[in-house]
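Student: sequence-free structure coming up:
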């Protein structure tokens, strides 16, 4: 566990190579350590190595992990590959393992938007915001769904709320312009 803890520090300080090395060392000591697979997978995913990330998430899942991060993170890889049905399955599993986390709801909402399921996208954005009303990306997801429903005034309000929370969100800036 000491290697995995140090890997977290390396990851947080922007040193992915050492983080991967420490996670790998943790797995040499205990090849059943699902948290190390998930952590290393996250470093791979954030480093633009989705295939390595998928392998690590799948190994953690094969080990029987009940950690929702394994499913949420694997779903993010599927989502980035436009495999939205697989992503939705994984986000749903993550939600079933921890229904109090906003991120899987929002991620699933984004995939629902990608497959033009506006109803479920809006429902998931609303659930994410019920759990964390300071989650700027969820406000954007809600706004996109509202915009698709033709509810421009409500969409603009949501985009503006997202910008209040994070004024660097280009998607929210663009949305405000579109909904004027």
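Tutor: Received it, and whenever you're ready, just let me know what you need. The shown structure was predicted, so the numbers you read here are calculated from the model rather than taken from an experiment. Numbers count the residues shown, from 1 in each chain.
Student: Any figure for the gap between residue 110 and residue 156?
Tutor: 20 Å (CB to CB, to the nearest Å). Using the backbone N, CA and C atoms, a C-beta is placed for each residue, glycine as well.
Student: Compare the two and say which is more crowded by neighbours.
Tutor: Shown here are residue 110 and residue 156; by other CB atoms under 10 Å, residue 110 has more neighbours (23 against 19).
Student: does the more buried one really touch residue 78, like I thought?
Tutor: No - using CB atoms under 8 Å, residue 110 is not in contact with residue 78; the gap is 11.6 Å.
Student: Average pLDDT for stretch 70-80, rounded please.
Tutor: Stretch 70-80 shows a mean pLDDT of 98 in the predicted model.
Student: Tell me the gap between it and the middle of its chain.
Tutor: Offset of stretch 70-80 from its chain centre (CA atoms, centre = their mean, to the nearest Å): 7 Å.
Student: Stretch 89-108 too?
Tutor: Counting by CA atoms, centre = their mean, stretch 89-108 comes out at 9 Å from the chain centroid.
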